[in-house]
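**Student:** compute the structure for the input listed below.
(chains A, B, C and D)
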There are 4 protein chains.
Amino acid sequence: MLDLVLKGDAVLPDGLHKDCWIGVSGGKIAAIGEGEAPDAKEVRSVENGLILPGIVDGQTHACSYGGLPGIESTTRSAIAGGVTTLVDMPYDNPDPLNTKARLDEKVQAIESVSHADMALYATVAPGQDNSEIEALIGGGVVAFKISTFESNPTRFPRISSAQILQIFEALAPTDIPLGVHNEDQEIVEFFMQKAKAAGQNGLVAHSQSRPPAAEMAATAQFLELGAAANAHAHIVHLTTGRGFQLVDQYAATGFRSTGELCVHYLWFDPEKDGERLGAKMKVNPPIRPNEIETLWDEILSGRVAFISSDHSSWPIDNKLTPSIFDAGAGIPGLETLLPSFYTAAEQRGLDAASITAEMLCERPAKFFGLWPQKGAIQLGADADFAILSLEPHVWDAAKAHDDLNWSPFDGVEFSAKVTATYLGGELVWDGEQVIAKPGAGKYLKRLDTNWFDA
Amino acid sequence: MLDLVLKGDAVLPDGLHKDCWIGVSGGKIAAIGEGEAPDAKEVRSVENGLILPGIVDGQTHACSYGGLPGIESTTRSAIAGGVTTLVDMPYDNPDPLNTKARLDEKVQAIESVSHADMALYATVAPGQDNSEIEALIGGGVVAFKISTFESNPTRFPRISSAQILQIFEALAPTDIPLGVHNEDQEIVEFFMQKAKAAGQNGLVAHSQSRPPAAEMAATAQFLELGAAANAHAHIVHLTTGRGFQLVDQYAATGFRSTGELCVHYLWFDPEKDGERLGAKMKVNPPIRPNEIETLWDEILSGRVAFISSDHSSWPIDNKLTPSIFDAGAGIPGLETLLPSFYTAAEQRGLDAASITAEMLCERPAKFFGLWPQKGAIQLGADADFAILSLEPHVWDAAKAHDDLNWSPFDGVEFSAKVTATYLGGELVWDGEQVIAKPGAGKYLKRLDTNWFDA
Amino acid sequence: MLDLVLKGDAVLPDGLHKDCWIGVSGGKIAAIGEGEAPDAKEVRSVENGLILPGIVDGQTHACSYGGLPGIESTTRSAIAGGVTTLVDMPYDNPDPLNTKARLDEKVQAIESVSHADMALYATVAPGQDNSEIEALIGGGVVAFKISTFESNPTRFPRISSAQILQIFEALAPTDIPLGVHNEDQEIVEFFMQKAKAAGQNGLVAHSQSRPPAAEMAATAQFLELGAAANAHAHIVHLTTGRGFQLVDQYAATGFRSTGELCVHYLWFDPEKDGERLGAKMKVNPPIRPNEIETLWDEILSGRVAFISSDHSSWPIDNKLTPSIFDAGAGIPGLETLLPSFYTAAEQRGLDAASITAEMLCERPAKFFGLWPQKGAIQLGADADFAILSLEPHVWDAAKAHDDLNWSPFDGVEFSAKVTATYLGGELVWDGEQVIAKPGAGKYLKRLDTNWFDA
Amino acid sequence: MLDLVLKGDAVLPDGLHKDCWIGVSGGKIAAIGEGEAPDAKEVRSVENGLILPGIVDGQTHACSYGGLPGIESTTRSAIAGGVTTLVDMPYDNPDPLNTKARLDEKVQAIESVSHADMALYATVAPGQDNSEIEALIGGGVVAFKISTFESNPTRFPRISSAQILQIFEALAPTDIPLGVHNEDQEIVEFFMQKAKAAGQNGLVAHSQSRPPAAEMAATAQFLELGAAANAHAHIVHLTTGRGFQLVDQYAATGFRSTGELCVHYLWFDPEKDGERLGAKMKVNPPIRPNEIETLWDEILSGRVAFISSDHSSWPIDNKLTPSIFDAGAGIPGLETLLPSFYTAAEQRGLDAASITAEMLCERPAKFFGLWPQKGAIQLGADADFAILSLEPHVWDAAKAHDDLNWSPFDGVEFSAKVTATYLGGELVWDGEQVIAKPGAGKYLKRLDTNWFDA
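**Tutor:** Prediction:
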């Protein structure tokens, strides 16, 4: 007998299916059907809603502030947002994930406290040689990441172009991408000092201190280093159409090049929202003015690899600093990722259900080698689901589950609400509270599948 | 209780799944699962084989020779070849399908004698106005076709460029493609007379009498007429890489342009096989020398819309004429379509199961607006399956089910064999005999889905 | 001592030079200088004007109406328009230039009656084999031309696609282009009958009877035939941006493909001028509405090979027919070519002197293998000059020198006027009358220079 | 009466003209003619040779070693090599040209000691603001240059990406290019330390210590910064086909991007010549193995802006260091530029006379805004000529005029020899000795002409 049957309208790989059922056994999707459902220990019917695959967020920072224990609250929030898989960045507090030993620690932490499944990025520290890379890959990391900008000398350091080339050469024979936080150190420092010297303070000053040129200088150099080594170069956030255009030129020339977009670049505009939100919308690279529709064009033309949250776990005190330059960059986003993207797609008259499943589930799962285990409601996949009720509701950050309880989306009306989440066939969020126990989530290793062959 | 459960290794949309089951109810795929299967009136296990979606052959000529009664033997052969859906060409003997009245007759014939499901092309006769087009579309035809070369003044006539433009203008507001038999009348006549005058006779003479220039002249003109009307222009058989390159240039410019390939262009080469096969490999446009690997490159680069058989029901007497020029063009191909393509893909080290399902099922179904009813093993689709046993076997044309009993593939060893076919959940071919009764097949109308949005 | 020195502002290959002199000896440009000029038998100073290279008109029909004697009046008009070189089309009355014998006759006529230098196109008649081609090339013809539309069964016949291919194959090893009058016979006939049947009559009816699709169907087929034979395919008049776009795609793919524009497509618009001018602006292919600025974009992007007049010598009676369909197609244009193009360029704020020398002199001379003998004021070139006075004047067709004395440009104000023409160093037009004697012009053979290497 | 008449075979803008004459008056080309030449104070006939425009070397380092006095010997050598115009780099010893005051000093030095005409690059020092840029442009500099690699902290420093962006923004509204020495500091340092640590020493070690990735990382970043500012970004030496491909992609996207090639990249190959020449062929970026024919393809496809010498005035002691890493980078090249490029072109069967005039005269003159004063034998241009005798001769570095007397070309046989040079109509090199007095050359300001409009 099946453990669970979900009934209702589901987003399957070929689109929305009305009135179907999904059978779960042993945590996996064991059957998908129409009509009479088989017996199950538990049956749930979804009314006026959608059964989506569990969301795969390709970019989170669970441990930037609170270290490995931060996994608990971050994944709790994820689960409440329908996100069942997180691909976590390596910039953990106090030390980044750059050795097999640290990978083991983080895996242990995941298994102890995570509410969701997690895959991991690793990094290489400045001056560290490549000797840990093989062990990290063997340990299942799905990608590597470095930054061309130093946010923190230990946790989030700048990696030199020489070392980037070295890392690319090590990864070139594999399918593992090297991602980059793409801002040029010198350009940012120059403009930041200029802004500070001018006594400027505020979101506009932040934005101007990190111009598109800073982003593109780092992006161009990184893509070319990837090309030189014939490795997969991935830009973890591009904020302009020009960025995706450049990535596409490299791809068209035959190089493995990809670019990712975060959902806040599709929602906020400094000219409209900057005064109201201030540091609450401070992210790096900054959100650009008047770029949203250009970025949607990039999505629809197929040039955006996938969409992520870039969730960061900064407490609000870290934002409400006297100077914008002292405020942390990054925003909480796991709980708003699905409703905000779905709403934005619907507002543009798109098939929101399908494009959400594509950009938030299928593509990130394929990108990180988690497909076909994750990313779609299909036979044999993990029984992860996000249940979306199609009812408008206003996002109240005070009720968030991330222990942060602030958000630039606070007070925004979304057209849909996450009313349940299933992880491995278990109900982990019932629309009111997170039911999963810490440690319910598991660590995910990269599978032997390849984005460029898919 | 389900009507049928099939167990075994199945090619689902995301690839091969080992050990799964497919449940059928009311002729539809009602459930797909792993593990314990639900109860069913009938259960069949497939060993050492593959459960594929029923093949959708996008190009057949069931009635060219025997008229509407030809549907019976053609679809009998189809079923024995795992082909559950045929898209039949309009060039019926004695009169082509160019009116709603004739559509009604053909639909009636299908319902009376067809062993397989059939969708239909229509055509427009020389000088006929567009007045029947709307009724034909309303009657469910999936595409229109014309020829730029006259094979027969009534049945397979040449349509003038003026009339092509007129037809394109009528179809432009719709998703319906206009296909073309792409050979230039004047060039073919010129070179044919030259060859005959020189007393040449044989496959090489045939090939030279219809040079690539004849094909490309017609192709280029047709694509441009489609572009002028902003309609969907489809080339039903391109024989060279240049052909697909030109189609791709139109597509890249933003026009709706597609090109199709037939499986014999991937198998035979006049230089190697011409002397042995003679008129048995005479098709139009001719198979070109040394082009096979170029055509595979086109497939792998995504520029081939789909693969078809172009099955023609000529008795062998029609081939064994004193002069190659008197021999009928076209070959039987329904029963060899699946094994030959699968074998050719496997020989090139490709994932033969997946590429077969893509090129012979999913893509033609999407192309002709039969998706998601046809083309994949997915929930709600028709329960059509081809069971392929992975055992080498030599094709013996004498045992074919098309009442023709000759084939250029006679004596060829394939790496797989069609050992069962299911249509709408019914076993219609058991590997030994065709079980379906004439009339088991049904007429398929075009659905409201669109190749270019897919 | 030099025969002649011209002083003033001259358009040299690198642009306008103020206050220079050009020395002529033996009919050639023997020296170009600044400052003190050498002694000469004759010295002329040009004030408030420009010394341009003699215009090279790449497309004239001197003999369509009056046969070979038509050369006299046509070239008389040319000279009065600053046109010192004509490339004449082969569609002579009563018989086209398709044999070496006819070439000899036409050369003899040129030498007897021409006022200007002339290069010649040849053609091949329907059904004629390629046996004359070599002799015609040996005789110096600069290009071949055929039509895909029959204007006249003998003089201006349609050539089949088979024969086009044959001609291309003969020309492929050479630098000789094959030009085409690019209209599809069937499409034009169809729409013309439709218009006639509807009782339509007038310029709009003419325009609609030859839609862009007729032009593009012929163009696409011709380009592809040229590509198949790897020969130089030239479209003698494209009327839309789409036409030049298609030619450019073939060129970008590596084929020898070019497209030409005639000056009337840059000046008239049927929507603005059609009612006023009627058959006086009837040309084939027709002038399209609202296309002028698109065509200028094509010129400035380098995609137009050169600009010509397509001068036709129809008496006005041939135009003032009851039905537009009976009126001759084509307009006189030699005398207005230079002032109209110069004026149109100046109106758009372009460097009119340079672009005129480029599009009306240098490029056609290079195209037809007449460079460096023709097309620029440079050492060793023929001493052909057009003197343009920069004074507005209204064109009075009654004063034209073509014995036709009508023009669609009648009453138009140009910003410049041809006040003198020199041919081989001789003053042949003094602004008032044509001084050259018939026979002053000479026949020009193609030189061994190549457009695609230039 | 003219001052001078040169007679012989001359390379005019449209190619080689046999038996013509060039008249000079007041240092300018006053007339060009054929046949009888006008009277002149002096007449010289060139037999078995070519009259070329004086060579314009777009990249020299006259003052890197000897400071401003180095101009004397450098230009003496230039004159002996047919180079009449030098575009000198700003990296002067001890201080680079980064202020109007230093420009004035260098102009004064030119006027005092230069044998040839000189145009000048300027630079901006690290941390220097843009305040001198306007005065430098006003003072006539033709371009700016920076380096992404520090060869010397004062003279040849690394400029940060932030400052590069600042400089681009200042230059964006002008036609002035910003050139770059394109090597990434970090990559070079890393590999150099690695090579040194491994005890490597020799040309191969040098080459490996500055891999193509170092060059391309700097190139990509620089091109993107130019794109961000919409300014003209120029790469002063690209050593691989990939480099020119990347520049071309930026140009095709609509950005002002160009790349230059130096003649030694077309002549030497480390695999063939490295052992023999050692540090004598050390240049930065290094010459790559097996790249010569790829670079010729780039030239012939039009993707190389022009060819230069990158002449550096290092005494041989600076080369014969114990370690290759201590040897100066750069080689003397002014005296061998013309004969080596002409010989290499001739060896490949090209029209060596025309391509030499194009790549060494016309294109650099247009690039640096010196056209039409420099770069061609045309009316009104400066009367600068290089007379090339078409006689094989072996280059003997001991006889060079640069006071350096070493060269990687020592002992090489060229197919032509510079037997005379004229500057402003004066004979300055007679094939035996440099006749010009120091100070005969003049400073050249940028004219108001634009590479991208040309």
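
**Student:** what does the stretch 101-250 of chain A have sitting close to chain D?
**Tutor:** Proximity of the stretch 101-250 of chain A to chain D (Cβ under 8 Å from any Cβ of the partner chain) is limited to residues A:160-163, A:165-166, A:184, A:186-187, A:189-191, A:211-213, A:216-221, A:223-225, A:227-229, A:242, A:245-246, A:249. No exception for glycine: its C-beta is placed from N, CA and C like everyone else's.

**Student:** 7 Å instead, please
**Tutor:** By the rule Cβ under 7 Å from any Cβ of the partner chain, the part of the stretch 101-250 of chain A lying against chain D is A:160-162, A:165, A:184, A:186-187, A:189-190, A:212-213, A:216-217, A:220-221, A:223-225, A:228, A:249.

**Student:** among those, name the ones in helices.
**Tutor:** In this view, those that belong to helices under DSSP state H are A:161-162, A:165, A:186-187, A:189-190, A:212-213, A:216-217, A:220-221, A:223-225, A:228, A:249.

**Student:** so is stretch A:422-436 next to chain B?
**Tutor:** No. Stretch A:422-436 stays clear of chain B (Cβ under 7 Å from any Cβ), getting no nearer than 13.0 Å.

**Student:** buried stuff in that stretch?
**Tutor:** Buried residues in stretch A:422-436, counted by 16 or more other Cβ atoms under 10 Å in any protein chain shown: A:422-429, A:434-436.

**Student:** now do it, average pLDDT.
**Tutor:** Across stretch A:422-436, pLDDT averages out at 96.

**Student:** stretch A:105-112 now?
**Tutor:** Average pLDDT, stretch A:105-112: 98.

**Student:** which parts of chain A belong to which domain?
**Tutor:** A:2-51+A:380-401+A:413-429, A:54-367 (automatic domain parsing).

**Student:** is the longest one anywhere near chain C?
**Tutor:** No. Using Cβ under 7 Å from any Cβ, no contact is recorded between domain A:54-367 and chain C, whose separation bottoms out at 15.0 Å.

**Student:** between the two ends of that domain, how far is it?
**Tutor:** Distance across domain A:54-367, first residue to last, is 16 Å (Cα to Cα, to the nearest Å).

**Student:** tell me if that domain is near chain B.
**Tutor:** No. Using Cβ under 7 Å from any Cβ, domain A:54-367 stays clear of chain B, coming no nearer than 9.4 Å.

**Student:** if we can go back for a sec, from the buried residues of stretch A:422-436, which single one is nearest C:Lys196?
**Tutor:** A:Tyr422 (72.3 Å; Cβ to Cβ).

**Student:** all helices of chain A, in order?
**Tutor:** Ranges of helices within chain A are A:70-80, A:100-113, A:133-138, A:161-171, A:185-197, A:203-209, A:212-229, A:241-252, A:270-277, A:292-300, A:337-347, A:352-357, A:363-367, based on DSSP H.

**Student:** list the buried residues in the shortest one.
**Tutor:** Put plainly, it is helix A:363-367. A:363-367.

**Student:** now do stretch A:106-122
**Tutor:** For stretch A:106-122, burial by neighbour count (16+ other Cβ under 10 Å) applies to A:106-107, A:109-111, A:113-122.

**Student:** nearest to D:Val141, of these?
**Tutor:** Taking Cβ to Cβ as the measure, D:Val141 sits nearest to A:Tyr121 out of the buried residues of stretch A:106-122, at 48.0 Å.

**Student:** how far away is that closest one from chain B?
**Tutor:** Per Cβ to the nearest Cβ, to the nearest Å, A:Tyr121 is found 25 Å from chain B.

**Student:** what's near enough to touch that residue?
**Tutor:** Residues in contact with A:Tyr121 (Cβ atoms under 7 Å, 6 or more residues apart in numbering or on different chains) are A:87-90, A:141-145, A:179.

**Student:** next one: it, what pLDDT does it get?
**Tutor:** pLDDT, read off for A:Tyr121, is 98.

**Student:** not counting sequence-adjacent ones, nearest residue to the residue of the stretch 351-454 of chain A found nearest chain C?
**Tutor:** The nearest approach of the stretch 351-454 of chain A to chain C comes at A:Phe452, 26.6 Å away (Cβ to the nearest Cβ). Leaving out its chain neighbours, the residue that sits closest to A:Phe452 by Cβ to Cβ, 6 or more residues apart in numbering or on different chains is A:Arg256, at 5.9 Å.

**Student:** hang on, the earlier thing: which among the buried residues of stretch A:106-122 gets closest to B:Gly35?
**Tutor:** Nearest to B:Gly35 among the buried residues of stretch A:106-122, counting by Cβ to Cβ, is A:Asp117 at 21.5 Å.

**Student:** picking up where we left off before, in strands, which of the contacts of A:Tyr121 appear?
**Tutor:** Of the positions in those, A:87-88, A:143-145, A:179 sit in strands, assigned by DSSP state E.

**Student:** dump the residue contacts of A:Glu215.
**Tutor:** Residues near A:Glu215 by Cβ under 7 Å, 6+ apart: A:182-183, A:239, A:243, A:285.

**Student:** mind checking pLDDT for it?
**Tutor:** The confidence metric pLDDT takes the value 98 at A:Glu215.

**Student:** how deep is the residue nearest to A:Gly15 when sequence neighbours are not counted tucked in, by neighbour count?
**Tutor:** Excluding the flanking residues, the one nearest A:Gly15 by Cβ to Cβ, 6+ apart is A:Ser354, at 5.3 Å. Counted with other Cβ atoms under 10 Å in any protein chain shown, residues neighbouring A:Ser354 total 17.

**Student:** next up, the contacts around the closest residue to chain C within the stretch 101-250 of chain A.
**Tutor:** Chain C sits closest to A:Gln249 of the stretch 101-250 of chain A, with a gap of 17.0 Å, by Cβ to the nearest Cβ. With contact set as Cβ under 7 Å, 6+ apart, A:Gln249 has these partners: D:Gln249.
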